[in-house]
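*Asks:* Prediction below, plus the sequence it came from.
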Amino acid sequence: MKRFLITVLMFFSPIIISAIVMEVLLRRIPNDYEYKSHYLDKNSDNIDVLVLGSSHSYYGINPAFMKNKAFNAAYVSQPLFYDWQIIKKYDKHWHHLKVIVLPIDYFSLYGKLEHSAESWRVKDYNIYYGINTGNSSYNYNYNSELLTNKLRLNMARIKSMYVNHETDVLCSNLGWGTEYTFNKRKDLISSGKIAAKRHFFTDMNDFNENVGILKTIISYALQNHVKVLLYTSPAYKTYVQSLNRNHLNKTINVVKMLGNAYNNVFYFNWLNNKEFFATDFYDADHFDERGAQKFTREIDSVVSVVEKTDHNRFSPRLSSSHIPDQGNQK
Amino acid sequence: MLFNSISFALFLPIVFVLYWFITNRNLKAQNILLLIASYFFYACWDYRFLFLLIFSTLLDYYTGLKIAAAQDDKHKKAWLWTSIGVNLGFLGFFKYYNFFSVSFAEAVAHLGFRVDPWTIKVILPIGISFYTFHGLSYVIDIYKGRIRPEKSFIEYSVFVSFFPLLVAGPIERATHLLPQIKKKRFFDYAKAIDGLRQILWGLFKKIVIADQCSYYVNVVFGHSAHFSGVEHIIAAILFAFQIYCDFSGYSDIALGVARLFGIELLRNFAFPYFSRDIAEFWRRWHISLSSWFKDYLYIPLGGSKGGMWMKIRNTFIIFLVSGFWHGANWTFIVWGALNAFYFLPLLIFNKNRTNLEIVAKGKLFPTGRECAGIVVTFALTVLAWIFFRAASVGDAVTYITEIFLNPFLAYPTGLNMVLVLFLCFFITIEWLGREYQYALGYPNIVFPKFVRWSFYYALVFGIWYFAGPEQQFIYFQF
């Protein structure tokens, strides 16, 4: 038995040591999650406008073009659950917070990160934000860089950082995603159809839970005298036309209902907005840097009004101009 | 808990250490540990079905005792049929209820009546087909007087639930496994190392070959209309390797794990794709199931003792039941029937026991005739696998017709060439190791330690390189 154990230990030692070294190296690679977490650790006391949500706001809202001190804490595939966890984590620090900007898009109320193809991102919230949830800590994969990606990708990341000295931080200093530039633009027709298909969740189990989380965010904001600006992101027609009408209407109706029910909630539906053209988009549902600038200015003008407006006296002109006819939505 | 998961990589050493260091002086304690570990292993999937497993174990344990104690054949038979009825009742309910309900409604619809199928949402308890067959073989063997009933409930429960074989076999026999459970086990260095080697080879088959083949197979089978004839054929061949490496990989891991605990399980695969005819293929594929059906169905039906028609009838019954055992779908029944048709000429011309030894024994290369036999047998099994893989019989027929109707030649886009290289490497290793229990099971050939370890590290690297999200084993659904 002793001989067996020694043989096994000798055989597995290099493998275990390599795994530990790789895990350490991977965790030391700076990335967006870590950057945003550090930024919020230091600056959450001074932030006026907090942008949350998925890639639509990550690439779509550049706080550099906002008048208030804003930060974009959104990220690719970031669901409402993690938006709420981020708000909660800095609970004691939102002294200046006036407005939370949160996109509620076609997919926002459906699905769960843990159940999706992007579930590997859960570990990033665990490791870099220090957000441990009951569900995610149950799965050991959610606590390891090494176990959530293929070896090939992990080796490429290590090479990129330690050999080529390239960074994994792909956001601006205010958290806006800088990757989607007009010179890398994708085909708007195919990307629209593919994205609409990818964003269609058939499992309705998580819908109520997500609505519950959204209500929690709103209630929290209400208690802390913070306005919540909910919006549905602009998208190119190839994406919009491929969306399931029932799915979309269900989401929009819920958000409208919340807008009516809570005094601190303002909802804007930009999905069919005609002010954004093909040249503003990187792909059918994301802006490029110029589109992001244009959209941020639009958001900023709305934020300026929202932060000064009492819900009951909210300008109907501003509200209605951004809500397209439901009949045009598919 | 999957064999190819980190949970299992933690679970196994813990049970191993407890088994050999804490409970090693007491056989009963070792068996209790194995039982607790097995129930924990099973409960990790769905603890609710643990009660079904325990109930099934209790039933067969009790009926086994009652059969042995019965004074006359009438009572023996009554207890036997109670056990068979309840066991098959559970299996039928959980596995086949919806199939029968929908098939009945469809059949009635053909007669002009409309009946809504009364389907219910039934979750298939994992491993039910396997542990049910364990229990059935046990009570039938007692009834036939082949074995005496097991008095110790713990030991009997370990026989049914031993975690390496619990969810996907091999389907063990009480005559083979129970004596090992009842006997004091001693640690054997060579066997334990061999067990680890078999686990490593099993993981390689599963993660590097089966899981990687599955990506291309899923794409082509899922959208077959968009692919050329060549791509259809490649996907069907890759599925043949996927299912072989998935299932035999699982069996290798199960056998290797059991060997770490000093227990030898039945061999389940013996290089089936090197078979020269379909009869040889079925002697080498899922051996524990084939031999189960042979012993508990084919022979009781009369086996090959009767005339030719009886042999043909029994052969068809065996293959159809075997197909149906795999799942509640007509695809599996057609798959079974197709294999029966393949078998028929061999049976009629009495050639079904021509190739009993492994091909080219003691030689490096096969003869041209052997080569042709291997290629034809493989082609026939690939054709049958299309039915096994397809979602419906209609889909399988469409898939086959598309081979000829779609443009035939096209470069197989999306096919990972690294996988093709690994597949060639895998076939070479399997060929070189075909005379042993498994491809790396060569106890008599001694390579220098440096060479052996380099080879093992290469396998580990391959596993690590391809490892991604844990994928279920195909046979778990059966």
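*Replies:* That came through, no problem.
*Asks:* State the distance from A:K2 to A:V8.
*Replies:* As defined by CB to CB, to the nearest Å, A:K2 lies at a distance of 11 Å from A:V8. C-betas here are computed from N, CA, C, even on glycine.
*Asks:* Those two: who's more crowded?
*Replies:* A:V8 (15 against 7; other CB atoms under 10 Å in any protein chain shown).
*Asks:* What secondary structure category should be reported for the more buried one?
*Replies:* Assigned by DSSP: H, G, I helix; E, B strand; the rest coil, the conformation of A:V8 is helix.
*Asks:* Would you confirm that it contacts B:L196?
*Replies:* Yes. In terms of CB atoms under 8 Å, A:V8 counts as a neighbour of B:L196; the distance is 7.2 Å.
*Asks:* in chain B, what residue sits furthest out from the centroid?
*Replies:* For chain B, the C-alpha farthest from the mean C-alpha position belongs to B:G112; by CA atoms, centre = their mean, that distance is 40.8 Å.
*Asks:* List the residues that contact B:F388.
*Replies:* B:I243, B:H326, B:T331, B:F332, B:W335 (CB atoms under 8 Å, 6 or more residues apart in numbering or on different chains).
*Asks:* if we go to 7 Å?
*Replies:* When the contact criterion is CB atoms under 7 Å, 6 or more residues apart in numbering or on different chains, the partners of B:F388 are B:T331, B:F332, B:W335.
*Asks:* Name all residues that make contact with the first one.
*Replies:* Residues touching B:T331, when contacts are defined by CB under 7 Å, 6+ apart, comprise B:F387, B:F388, B:A390, B:S392, B:V393, B:A396.
*Asks:* Top of the residues you listed by number of neighbours, please.
*Replies:* So for the contacts of B:T331 (other CB under 10 Å), the most neighbours sit at B:F387, 26 neighbours.
*Asks:* Dihedrals phi and psi, that one?
*Replies:* phi -70, psi -40 (degrees, to the nearest 10).
*Asks:* in stretch A:144-152, what counts as buried?
*Replies:* Going by neighbour count (16 or more other CB atoms under 10 Å in any protein chain shown), the buried part of stretch A:144-152 is A:S144, A:E145, A:L146, A:L147, A:T148, A:N149, A:L151.
*Asks:* Helices - which of the contacts of B:T331 land there?
*Replies:* Among those, the residues falling in helices (DSSP state H) are B:F387, B:F388, B:V393, B:A396.
*Asks:* hang on, the first one packs against B:A337?
*Replies:* I take that to be B:F387. No. The pair B:F387 and B:A337 fails to qualify as a contact (CB atoms under 7 Å) at a distance of 9.1 Å.
*Asks:* from the contacts of B:T331, which two are the most distant?
*Replies:* Greatest spatial distance in the contacts of B:T331: B:F388 and B:S392, 12.0 Å, computed using CB to CB.
*Asks:* From chain A, how far out is B:G373?
*Replies:* Relative to chain A, B:G373 is positioned 39 Å away (criterion: CB to the nearest CB, to the nearest Å).
*Asks:* next one: B:A70
*Replies:* For B:A70, the distance to chain A under the criterion CB to the nearest CB works out to 46 Å.
*Asks:* Look up the pLDDT of that residue for me, please.
*Replies:* As summarised for this prediction, B:A70 has a pLDDT of 92.
*Asks:* ok, now A:F276?
*Replies:* Looking at A:F276, its pLDDT reads 91.
*Asks:* burial measure for the nearest residue to it once chain neighbours are set aside, as a count.
*Replies:* In space, and not counting its chain neighbours, A:F276 is closest to A:P234: 4.5 Å by CB to CB, 6 or more residues apart in numbering or on different chains. A total of 26 residues lie near A:P234 under the criterion other CB under 10 Å.
*Asks:* Check whether A:P234 sits in a helix, strand or coil.
*Replies:* The assignment at A:P234 comes out as coil when based on three-state DSSP.
*Asks:* what do you get for A:N141?
*Replies:* Using three-state DSSP, the structure places A:N141 in helix.
*Asks:* which ones among the contacts of B:F388 are found in helices?
*Replies:* When helices are assigned by DSSP H, the members of the contacts of B:F388 inside them are B:T331, B:F332, B:W335.
*Asks:* Who are the contact partners of the spatially closest residue to the first one that is not a sequence neighbour?
*Replies:* Spelled out, it's B:T331. Counting by CB to CB, 6+ apart, the nearest residue to B:T331 once its immediate chain neighbours are dropped is B:F387, at 5.0 Å. By CB under 7 Å, 6+ apart, B:F387 lies in contact with B:T331, B:V334, B:W335, B:L338, B:V393, B:A396.
*Asks:* Sort out which one of the residues you listed lies nearest B:N24 for me.
*Replies:* The nearest one, if we look at these relative to B:N24 and count by CB to CB, is B:W335, at 45.6 Å.
*Asks:* wait, isn't the closest one in contact with B:S322?
*Replies:* No. Shown here, B:W335 and B:S322 do not form a contact pair, counting by CB under 7 Å, at 9.0 Å.
*Asks:* Neighbour count: these two, which is higher?
*Replies:* Neighbour tally, B:W335 and B:S322, criterion other CB under 10 Å: the higher count belongs to B:W335, 29 against 22.
*Asks:* how far away is the more buried one from A:V122?
*Replies:* Spatial separation of B:W335 from A:V122 under the definition CB to CB is 40 Å.
*Asks:* do A:T178 as well
*Replies:* With the distance defined as CB to CB, A:T178 ends up 24 Å from A:V122.
*Asks:* returning to what we had before: can you lay out the contacts of B:F388 as TSV showing pLDDT and distance to A:H93?
*Replies:* Below are those laid out as TSV (pLDDT from 0 to 100; distance: CB to CB, whole Å):
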residue	pLDDT	distance to A:H93
B:T331	93	59
B:F332	93	60
B:W335	95	63
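*Asks:* related to what we said a few turns ago, for the residue nearest to A:F276, what are its contacts?
*Replies:* Contact partners of A:P234, counting by CB under 7 Å, 6+ apart, are A:W270, A:L271, A:N273, A:F276, A:F295.
*Asks:* what pLDDT does it get?
*Replies:* Reading off the confidence values, A:P234 has pLDDT 94.
*Asks:* What separation is there between it and chain B?
*Replies:* From A:P234 over to chain B the distance is 32 Å, taken as CB to the nearest CB.
*Asks:* residues from the stretch 1-150 of chain A in reach of chain B?
*Replies:* By the criterion of CB under 7 Å from any CB of the partner chain, the positions of the stretch 1-150 of chain A lying close to chain B are A:M1, A:R3, A:F4, A:T7, A:F11, A:I15, A:Y140, A:L147, A:K150.
*Asks:* Mark which of those are buried, thanks.
*Replies:* Restricting the residues of the stretch 1-150 of chain A next to chain B to buried positions leaves A:F4, A:T7, A:F11, A:L147, with burial counted as 16+ other CB under 10 Å.
*Asks:* Just the ones of those residues in helices?
*Replies:* With helices identified by DSSP H, the entries of those that belong to them are A:F4, A:T7, A:F11.
*Asks:* Make CSV out of these and add pLDDT.
*Replies:* Shown next, in CSV, are those (pLDDT from 0 to 100):
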residue, pLDDT
A:F4, 94
A:T7, 93
A:F11, 95
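*Asks:* Closest to B:A78 out of those residues?
*Replies:* A:F4 (50.0 Å).
*Asks:* The closest one touches B:Y189, doesn't it?
*Replies:* Yes. Between A:F4 and B:Y189 a contact is recorded at 5.3 Å, counting by CB under 7 Å.
*Asks:* Once you drop chain neighbours, what's closest to the most centrally placed residue in chain A?
*Replies:* Taking CA atoms, centre = their mean as the criterion, A:S54 is the residue nearest the geometric centre of chain A, at 2.3 Å. Across the structure, with CB to CB, 6+ apart as the measure, the residue nearest A:S54 apart from its sequence neighbours is A:Q78 (5.3 Å).
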